[in-house]
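Engineer: I need the structure of the sequence given here:
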Amino acid sequence: MPQVAYGNLQKIKNGKRLYSITPRIPGGFVSAKNLEKFAEVARKYKCSIKLTSGQRIMLIGLKEDDVAKAYEDLGLEPAVKSQYSVKNVEICPGEICKRSRQNSLALGLRLERRFYGAPAPNRTKIGVVGCLNACTSVHAKDIGVLANEEGFIVIAGGSAGYHPRLSDRIAENLTADEAYMMVEAVYDYYCEIAPMGEKLGNTIDRIGLDKFIEDVKQIYEKKKIGGQNE
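Structural biologist: Numbering: from 1, shown residues only. Sure, this is the predicted structure:
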């Protein structure tokens, strides 16, 4: 049986195949209108609503023929287009939180627009937070951005899967624009040197952290010069 587009097969019980879907919700911000749509679709197709740890809303218990219809009724894109791509960028509340030290919300939404569905050697998670409390488990993301009084900090290589790994610090004391370019540099280098199926943390371990940082910063400097010339 062909795979249902953008539907996740749940456990098969008594030969019954049911699916879940997770539409794209940038930064976890959802309008009242879209919340109403989720409720309407859940009632229409007799499925359940689940809030995920990834700042998304999942509909569970859809029949195979209803997956595409549910997406159409919601009017939303799928959160994940491929297992070999960047997943949704998880973002903390940013400047609306009393602990925030930088405008992480604006940076996070900017990165979400840039990397939504971007192809990658393996499933890649990005997190952006406004302080060192590191909400959204940013240290377990493939690429993360934190903030303190001095500016933004970019980290990479985290994972919370079967083989957990804490992230490594790549650069610090960055402006929002510099952090954006540094994330791009990490992503570009990862896509350039990693074979398909290799997680970013494994890439760093394979080539060594010092070389990874050196090569990433070379890409970053080229981006920075290019940006200044625009």
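Engineer: ranges for the helices of this structure?
Structural biologist: 32-45, 67-74, 104-115, 176-193, 200-207, 209-228 (DSSP state H).
Engineer: Flag every buried residue along the longest one.
Structural biologist: What that stands for is helix 209-228. 212, 213, 216, 217, 219, 220, 223, 224 (16 or more other Cβ atoms under 10 Å). Where you see a C-beta, it was placed from the backbone N, CA and C, and this is true even at glycine.
Engineer: Is it possible to get JSON lines of these that adds pLDDT and distance to residue 89?
Structural biologist: Conversion of these to JSON lines gives the following (pLDDT from 0 to 100; distance: Cβ to Cβ, whole Å):
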{"residue": "212", "pLDDT": "98", "distance to residue 89": "21"}
{"residue": "213", "pLDDT": "98", "distance to residue 89": "22"}
{"residue": "216", "pLDDT": "98", "distance to residue 89": "19"}
{"residue": "217", "pLDDT": "97", "distance to residue 89": "22"}
{"residue": "219", "pLDDT": "97", "distance to residue 89": "20"}
{"residue": "220", "pLDDT": "97", "distance to residue 89": "19"}
{"residue": "223", "pLDDT": "93", "distance to residue 89": "19"}
{"residue": "224", "pLDDT": "89", "distance to residue 89": "22"}
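Engineer: got TSV for the helices of the chain, with distance to residue 142 too?
Structural biologist: Listed next are the helices of the chain as TSV, based on distance: least, Cβ to Cβ, whole Å:
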stretch	distance to residue 142
helix 32-45	28
helix 67-74	26
helix 104-115	11
helix 176-193	8
helix 200-207	4
helix 209-228	13
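Engineer: Which stretch among those approaches residue 126 most closely?
Structural biologist: Smallest distance to residue 126 across the helices of the chain (Cβ to Cβ): 6.2 Å, for helix 104-115.
Engineer: just checking, what packs against the closest one?
Structural biologist: Applying 3 or more Cβ pairs under 8 Å, 6 or more residues apart in numbering; DSSP states H and E, one finds that helix 104-115 contacts strand 86-91, strand 124-128, strand 143-148, helix 176-193.
Engineer: got a list of contacts for the shortest one?
Structural biologist: Contact partners of strand 124-128, identified using Cβ atoms under 8 Å, 6 or more residues apart in numbering, comprise 85-87, 89-92, 104, 107-108, 111, 115, 136-138, 141-145, 183, 187, 190, 200.
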